[in-house]
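Give me a 3D structure for the following:
(one chain, ligands or ions: 2)
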Amino acid sequence: MGESIFQQYMRKRNNIVKNRKILQNTHIPEQLPHRKEQIDKIASVISIALSGEKPSNIMVYGKTGTGKTATLHYIGKELKKADPKEMNCSFIYVNCEVVDTPYGVLYNIGNQVTVDPGQKIPFTGWSFEKVYSVLVDMIDNEDKVYVVVLDEIDRMVFKKGDDIFYYLTKINENLKKSKVSLVGISNDMKFLELLEPKARSRLGGESLVFPPYSKLELEDILQERADIAFDPNSIDKSVIPYCAAIAARVDGDARIALDLLRTAADIAERNGDSVITDAHVKSAKNSIEFDVVSEAIKTLSSQSKVVLMSIMLISEKELKMTTGDVYTKYSEISDYCGLSRLTQRRVTDLISELDMMGIINASVKSFGCAGRTKEIELSVPKEMCSLLKNDPLFKNLDRSVRTGQTKLI
Ligand SMILES: Nc1ncnc2c1ncn2[C@@H]1O[C@H](COP(=O)(O)OP(=O)(O)OP(=O)(O)O)[C@@H](O)[C@H]1O
Ligand SMILES: [Mg+2]
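Residues are numbered from 1 along each chain as shown. Ligands and ions are numbered 1, 2, ... in the order given. The predicted model follows:
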């Protein structure tokens, strides 16, 4: 019997990472460098819960990867340390992106509140009003302060409307013994404006913003993990500053910094190298970018996909094009896909959106008296195009249209 095909990879693989878990995004570090100010602020508001009083609601804002979730998990752990038996207060964390219906949010809170298995809210089947009133009873069963964190709260509103916030903010009016205090986390600073005025005034208590991390701050965050994850001699000195510099440019996102470091270590191990170098970070950057862009393309609306498809097809022949070129091609393809044709103005908006996402590059060019138009070019590698061509939307698209050889209309 010959050896398994996997053995060659196992032989080649070099184990550089001593502790893989520490590099995962789900890992909650013991310390959170450069978040002391935010931790102190939240802790000072919430601390009165330990003596049984209701803290003000808090809204936390910040761009992705600025440590909002990590900070609230940290606060939860510290609260538990101060009140291990949860005599006076309990900490409840709900990610609204995962449980994205109002029912789901109440279900999730309820099942963290109750310790009595006979009292569980069923996964489906009850009306919203019934779940709410049972939840009120469950919460009032004891005399406690519940600090409820609603993470990614903006995802919820965009999806389903905001009456859940109305109910949750008025829950204290229905409680006799216990109290509920809310901590909302959002990427979107305009989140409160999207709510009904009633819920808005109730929810808005204290608010604070998590600023993006600077390059040096990201270096500290990475270094702390690298010290545990690697032997010092298996990582080049320049690697951490390099990862931090890239992530600092992308809105100071600590998640990207960690993704880069983890992927670079993975690539080094797969190559059988014993030291992580800048070259591995560079490959990691390419592979992450590819994942991010392909995910973004997959989740575009059908109309945007048609616009992007038009740009991709034209750029197989010409590097640059005008809005008019795109619109002509767009009209052909949208008819073919059976979509209703948008106006050129709308298509121009969709082009701007693709530009903001970094998938294309659109710059305004002036032609004197003849007016202005956009000069458009693709800014992602051509390989991305094959991804879109495999989309079910274009499944019946004739080869002739795809290659632009004949016009259908
Ligand atoms: N100050 C910090 N020290 C150590 N690790 C950090 C720090 N800030 C963030 N991280 C780590 O970076 C990653 C991203 O942080 P986190 O998930 O808290 O971001 P977020 O602000 O919640 O982002 P999103 O808005 O996308 O949910 C996590 O793995 C987290 O542990
Ligand atoms: Mg988060």
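
Now the closest residue to ligand 1 within the chain: closest residue in space that isn't a chain neighbour?
Taking CB to the nearest ligand atom, ligand 1 has its nearest neighbour within the chain at Gly67, 2.8 Å off. Every C-beta, even on glycine, is put in place using the N, C-alpha and C of the backbone. Leaving aside its chain neighbours, Gly67 sits nearest to Arg35 (5.3 Å; criterion: CB to CB, 6 or more residues apart in numbering).

Next, the residue of the chain closest to ligand 1: phi, psi?
For Gly67, the backbone dihedrals are phi 90, psi 20 (criterion: degrees, to the nearest 10).

Look up how far Cys96 lies from Leu194.
14 Å (CB to CB, to the nearest Å).

Have a look at these two and say which one is more surrounded.
Neighbour count, other CB atoms under 10 Å: between Leu194 and Cys96, Cys96 has more, with 25 against 16.

For the more buried one, list the residues it contacts.
Cys96 makes contacts with Val105, Leu150, Asp151, Glu152, Ile153, Arg155, Met156, as judged by CB atoms under 8 Å, 6 or more residues apart in numbering.

hmm, back to that, give me every residue that touches the residue nearest to Gly67.
Gly67, Ala70, Thr71, Phe210.

and the longest helix along the chain, how far out from the chain's middle?
The residue-count maximum for a helix in the chain (DSSP state H) belongs to helix 278-298. Offset of helix 278-298 from its chain centre (CA atoms, centre = their mean, to the nearest Å): 16 Å.

Report the contact partners of the closest residue to Leu319 other than its chain neighbours.
Computed as CB to CB, 6+ apart, the closest residue to Leu319 that is not its neighbour in sequence is Glu377, at 5.8 Å. Neighbour list for Glu377: Ser315, Leu319, Lys320, Met321, Ile360, Asn361 [criterion: CB under 8 Å, 6+ apart].

give me phi/psi at Val145?
Dihedral angles for Val145 - degrees, to the nearest 10 - are phi -100, psi 120.

tally of neighbours for it?
22.

who does it bridge with?
Cys89, Lys179 (DSSP bridges).

Ranking helices and strands of this protein by mean pLDDT, which lands last?
For the chain, scoring each helix and strand by mean pLDDT, DSSP states H and E identifies helix 399-403 as the least confident one, at a mean of 53.

about what we covered before: list the buried residues for the longest helix of the chain?
Buried residues in helix 278-298, counted by 16 or more other CB atoms under 10 Å: His280, Val281, Ser283, Ala284, Lys285, Ser287, Ile288, Val293, Ile297.

Check which helix or strand the residue nearest the centre of the chain maps to.
Centroid-nearest residue in the chain, with CA atoms, centre = their mean: Thr64, separated by 6.2 Å. Per DSSP states H and E: Thr64 is located in neither a helix nor a strand.

Quick check: residues of the chain near ligand 1?
Within reach of ligand 1 by CB under 6 Å from any ligand atom, the chain has these residues: 25, 29, 32-35, 62, 64-70, 187, 221, 254-255, 258.

Tell me, how many residues neighbour Asn108?
19.

can you check Leu342 too?
That count, for Leu342 with other CB under 10 Å as the rule, works out to 18.

How about the one 10 residues further on?
Ser352 has 13 neighbours, counted by other CB under 10 Å.

wait, isn't it in contact with Ala362?
Yes: assessed by CB atoms under 8 Å, Ser352 is found in contact with Ala362 at 6.7 Å.

list the contacts for the residue nearest to the centre of the chain?
Taking CB under 8 Å, 6+ apart, we find Thr64 in contact with Asn187, Asp251, Asp253, Arg255.

Narrow the residues you listed to those in helices?
Filtering the contacts of Thr64 for helices - DSSP H - leaves Arg255.

are any of the contacts of Thr64 buried, and which?
Using 16+ other CB under 10 Å, the buried ones in the contacts of Thr64 are Asp253, Arg255.

Any idea which of the contacts of Thr64 the model trusts least?
Lowest pLDDT of the contacts of Thr64: Asp251, 84.

ok, now which ones touch it?
Contacts of Asp251 (CB under 8 Å, 6+ apart): Lys63, Thr64, Gly65, Pro212.

Now a ChimeraX select for only the buried ones of those.
Here is the ChimeraX selection string for the buried members of these, based on 16+ other CB under 10 Å:
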select :63,65,212
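
Asn390: neighbour count?
10.

And it, how far from Ile297?
Asn390 is 11 Å from Ile297, by CB to CB.

Repeat that for Asp253.
Taking CB to CB, one finds Asp253 at 20 Å from Ile297.

how many neighbours does Ala264 have?
27.

just checking, it touches Val239?
Yes: the criterion here is CB under 8 Å, and Ala264 meets it with Val239 at 6.8 Å.

In a helix, Ile16, correct?
No: with DSSP: H, G, I helix; E, B strand; the rest coil as the criterion, Ile16 is assigned coil and is not in a helix.

If anything else comes up later, I'll come back, but that's it for now.
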